[in-house]
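J.: predicted model and sequence follow; I will ask about them next.
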Amino acid sequence: MPHNSDLQRGAFRSKFGFLMAAIGSAVGLGNIWGFPYKMGTNGGFAFLIVYLFLVALVGFVILIVELSLGRTTGKGAIGSYMELSRRFKWLGWLAFLSAFFIMTFYSVLGGYCIRYAVANFGNLIGASFGTGQTDAGNFFASFISNQSASIIYTLVFMIITAGIVMKGVSGGIESFSKTAMPLLFVMLLVVVIRSVTLPGAVEGLRFMFKPNLEPFKTNFFKVLSTASGQMFFSLSLAMGAMITYGSYLQKTDNIVRDAVLIPAADTFIAILAGMAVLPAAFALGGEGAAMAGPKLLFITLQHVFESMGSTGPLFGLIFYILVIIAALTSAISLVEVITAFFLDAADARGKKANRKLTAALVSLSIMLVAVVVAADGLGSTGFPAIMGYIWLDFLDLLSEGIMMPLGALLTAVFISFEYGLPKIAAEVKLGNSRFASYSFFAFSLKFVVPAVLLLVLYGQLKGFGLLG
Ligand code: TRP
C-alpha cells in the first residue's frame, strides 16, 4: 500500500487520531453556531426529529460512499473522481471549489469567535479589550463594522489553521485533534451544566425535547430543507473532506463503524451545543430570544454571559474557546482537502511535493478572498454588494447552497448509474466482511438520497430568493 505510507502525503498514526480528526472535521461552527440557531427558528423538537432521521437515512449512506471512494484510490476528491469516473471526472472540482469558498467565510466567523474569546477574557480581568459598558448588540455591530479589526482576527484564525496543516497529517492535524477534541467536549459539558441550571432554562429544554409536531403543519418543507442542508454541512459531506480522509484509511479498517461513529458523535455534540445555547437564550428572553437566528451566538449568548454576574466572563471565555477549537479542527480539514489535491497532482507528475509550501500558498489564497469578506462586515461597512448579496451570504450560497447539494446529488447518480453499488460493497467488505446494512444502504442511496437532495436544492434556491 504505497499511498498509506507515503511520507509527503502523510497518514494517521492511530485509529483514535483518525477518529478525532474526522469528528473534528465534522464538529464545527455548523454544530455550535448553525444547529442551535436553526433549531431555534425551526420549531425546536420538530427540527430535531427531522434532523435525526436525515442523519440516519442520508448522512450515514453518503459517508460510506465517500470514505470508500477515498480508500479505493488513496487520493483526495479530485484525484478519486478522475480515476474512477468517465462522465463525472470533474466532480471533484466541485468539492474542491466548495471547500475553498467555505473557507473564505468560515475564517471570518472563526475570527469573530477569537474576538469574543478575547472580549470575555477582557471582561474577566477588567481589561480595556473587554466589552466594557457596551451592550452585546452594539458590541457586535461596532466590531463587525471595524474593518481593520475584523481583518486582523480573520488573519489570525487563518495563520493558526495554516500552521497546523503545514505540520502534516499526523504531526499537525492528528496531534492537534487528539488533544483539542476531548478538551472541547469537557468544556461544552461545563457550559451545558451552567446553562441548564439558569432560572427559566427548563423551558428551553422543553422546547428541544418535548414532542411537539405543530411546526410541521405550517412549515414542513422549510423544516425539512433547513435540516437537510444543515446535516450535509455539519457532516462535512460533498466537499471532498471525507473522501480525502478515507484515503488515509487502512484496508482493514471498518468503514461502516466509522460511518456510524462520526455522525453519532457529530449529532451528539450538536445536541449538546443546543443544550448550551437554547436554554440560556430561553432564560434570558424566552422563545423570542431563542429565535434570534444567526446572531444567537454573537449577541444573545454574549448577553447571557454578561447578565450572569461575576462568573459570566469565565463561562463566556470557556464557551468561545470551545467554539474556536471546533472551528479550527474543521478549518484544518477544509484546507487539507485543497492541499491534498496539489500534493496528489505533484505526485502524479512524478514530482516531490512540498507540503509546507503548498499549505501556505493555499491558505494565502483563501486569505485574499477572506479579507474582502471581513472588510464587508456582514454588509455593515458600505462595501459594494456582490450580485445583490452581502459577501458572506454570496459565498455561502455558492458553496453550501448550490455546489454542495448538487455535488452530493451527482455523487449519488454516479454511484447508482456509473460506478455501481457492488464496487462500494466490495471496498467496504475488505474491513467488514458482512456489511449487514447493505440493503438499507442500497435502498437509501438509490431512492431516499436523491429525493432529499432535490428538496434541499429547491429549498436553498428558494431561501436565497432565486426562485422568486
Ligand atoms: N462540518 C463543519 C461544521 O459543522 C464545516 C464543514 C462543512 C466542513 N464542510 C466541510 C469541514 C468540509 C471540513 C470539510 O462546521
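T.: That came through, no problem.
J.: quick one: distance of stretch 229-240 to the chain centre.
T.: Offset of stretch 229-240 from its chain centre (C-alpha atoms, centre = their mean, to the nearest Å): 7 Å.
J.: same question, stretch 169-183
T.: Taking C-alpha atoms, centre = their mean, one finds the center of stretch 169-183 at 17 Å from the center of the full chain.
J.: quick one: buried residues of it?
T.: 169-170, 172-178, 180-181 (16 or more other C-beta atoms under 10 Å). The C-beta positions use only the backbone N, C-alpha and C, and glycine is treated the same way.
J.: residues contacting that stretch, please?
T.: Stretch 169-183 is contacted by residues 9-14, 16-18, 20-21, 23-24, 27, 163-167, 248, 322, 325, 328-329, 332-333, 336 when judged by C-beta atoms under 8 Å, 6 or more residues apart in numbering.
J.: which among the residues you listed count as buried?
T.: Applying 16+ other C-beta under 10 Å to the contacts of stretch 169-183 flags 9-12, 17-18, 20-21, 23-24, 27, 164-167, 248, 322, 325, 328-329, 332-333, 336 as buried.
J.: after the host helix or strand of A280, which helix or strand is next?
T.: Per DSSP states H and E, A280 falls inside helix 255-290. For helix 255-290, the following helix or strand on the C-terminal side (DSSP H and E) is helix 300-306.
J.: what mean pLDDT does that next one get?
T.: The average pLDDT for helix 300-306 rounds to 89.
J.: just the C-alphas of it, formatted as CSV.
T.: Written as CSV, here are the backbone C-alpha positions of helix 300-306 (Å, rounded to 0.1, in the frame of the first residue of the first chain):
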residue,chain,number,x,y,z
THR,A,300,-28.0,36.7,22.6
LEU,A,301,-25.5,34.5,24.2
GLN,A,302,-23.0,37.2,24.9
HIS,A,303,-25.9,39.0,26.6
VAL,A,304,-26.5,35.9,28.7
PHE,A,305,-22.8,35.8,29.8
GLU,A,306,-23.0,39.5,30.7
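J.: what residues sit buried inside stretch 112-128?
T.: For stretch 112-128, by 16+ other C-beta under 10 Å, it's 112-124.
J.: near the ligand at all, that stretch?
T.: No. Contact of stretch 112-128 with the ligand (C-beta under 6 Å from any ligand atom) is absent, the minimum separation being 11.6 Å.
J.: from the middle of its chain, how far away would that stretch be?
T.: Chain-centre distance of stretch 112-128: 25 Å, with C-alpha atoms, centre = their mean.
J.: before we move on, the earlier item: among the buried residues of stretch 169-183, which lie within helices?
T.: 175-178, 180-181 (DSSP state H).
J.: now the strands for the stretch 51-200 of the chain?
T.: Remark: no strands are assigned in the stretch 51-200 of the chain by DSSP state E, counting those that start in this stretch.
J.: so how far is stretch 394-405 off the chain centroid?
T.: Relative to its chain's centre, stretch 394-405 lies at 13 Å (C-alpha atoms, centre = their mean).
J.: no no, stretch 152-169
T.: A distance of 17 Å separates the centroid of the chain from that of stretch 152-169, by C-alpha atoms, centre = their mean.
J.: again with stretch 271-288
T.: Stretch 271-288 sits 21 Å away from the centroid of its parent chain (C-alpha atoms, centre = their mean).
J.: repeat for stretch 455-466
T.: 20 Å.
J.: and the contacts of that stretch?
T.: For stretch 455-466, contacts defined as C-beta under 8 Å, 6+ apart pick out 221-222, 224-226, 228-229, 232, 393, 397, 400-402, 405-406, 409, 467.
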